[in-house]
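# build the 3D model from these lines:
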Amino acid sequence: VATMTHMEKEAIMGKGIDEKKIHVIGAGVTPNEVWGGKGARFRERYKIRGKIVLQISTQTHDKGSPHVIEAMKILWQRGLDAKLVLIGQVMNDFDAYFFRQPSWVYEKVIVLDYIDEETKKDALDASSVFVMPSKAESFGIVYLAAWLYKKPAVGAYAGALPEMIQDGKDGFLVPFS
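Alright, predicted model coming up:
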């Protein structure tokens with residue numbers, strides 16, 4: 001039996017499967033399918049000059065989208081010059097949350113629903129940091145894509161992410177609340 005994480009392995013062992021029959025193989029991405037983004041093209045298209053904080057996921061509570069905005073509001077109020085770019089399907093809970101934000105927040109956030117692969121690669125290349133403090137990740141392939149672009153990644157102490165991100169070494173983990 002092949003699993004992506006030790007957490008999955010333990011769950012399967014809990015079903016009575018012999019540990020010797022279970023192998024943690026992880027997951028991966030094919031670099032040539034991920035590389036090739038042109039950050040300058042993304043910045044020009046969306047008229048962004050400063051830093052970019054990027055999240056690529058479904059925009060919803062469980063993926064941490066509102067949490068990212070709340071953290072960014074603190075950083076913006078402290079003077080951080082950065083755009084928050086959220087890429088992915090917008091769910092109703094996030095839409096309702098975002099609608100209640102003050103107008104100055106709208107000026108600092110770019111929400112892109114579905115986009116093509118080229119634009120996603122361009123966004124990864126243009127970004128300064130990748131954030132997705134999700135509590136709903138079985139593995140999180142998109143973190144691997146961010147790392148291919150040499151971007152630090154922020155995830156949550158939830159699911160398999162602590163098994164993947166070494167807090168303070170190749171990314172940061174935050175509590176999910």
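# list the residues that contact Val154.
The contact partners of Val154, by C-beta atoms under 8 Å, 6 or more residues apart in numbering, come to 129-133, 171-174. Just so you know, the C-beta spots here come from the backbone N, C-alpha and C atoms, and that holds for glycine as well.
# okay, who's weakest in those residues by pLDDT?
For these, the weakest pLDDT value sits at Gly171, with 89.
# ok, that one - contacts?
143, 152-155, 165.
# ok now the lowest-mean-pLDDT helix or strand in the chain, how far from the chain's centre?
When the helices and strands of the chain are scored by mean pLDDT, DSSP states H and E, helix 31-34 comes last with a mean of 77. Relative to its chain's centre, helix 31-34 lies at 18 Å (C-alpha atoms, centre = their mean, to the nearest Å).
# quick one: the residue lying closest to Trp35 once chain neighbours are set aside from Ile69, how far?
In this structure, Trp35 finds its nearest non-sequential neighbour in Leu148, 6.4 Å apart by C-beta to C-beta, 6 or more residues apart in numbering. Using C-beta to C-beta, to the nearest Å, Leu148 is found at 26 Å from Ile69.
# do Gln166 as well
Counting by C-beta to C-beta - Gln166 and Ile69 are separated by 26 Å.
# got it, and His61?
Applying C-beta to C-beta, the value for His61 to Ile69 is 11 Å.
# wait, is Arg41 part of a strand?
No - counting by DSSP: H, G, I helix; E, B strand; the rest coil, Arg41 is not part of a strand but helix.
# and it, what does it touch?
Counting by C-beta under 8 Å, 6+ apart, Arg41 makes contact with Asp122.
# with Val90 instead?
59, 98, 111, 113.
# is it in a bridge, and if so with what?
Beta-bridge pairing for Val90 (DSSP bridges): Gln59.
# and the residue nearest to Trp35, how many residues sit next to it?
Per other C-beta atoms under 10 Å, the neighbour tally for Leu148 reads 18.
# go on, Asp95?
For Asp95, using other C-beta under 10 Å, the count is 12.
# okay, it: pLDDT?
Confidence score, pLDDT, at Asp95: 96.
# cool, Ser138 as well?
Ser138 carries a pLDDT value of 68.
# which residue is nearest the centroid of the chain?
The centroid of the chain falls nearest to Met132 when counting by C-alpha atoms, centre = their mean (3.2 Å).
# who are the contact partners of that residue?
Each residue near Met132 by C-beta under 8 Å, 6+ apart is listed here: 55-57, 63-64, 68, 140, 142-143, 153-155.
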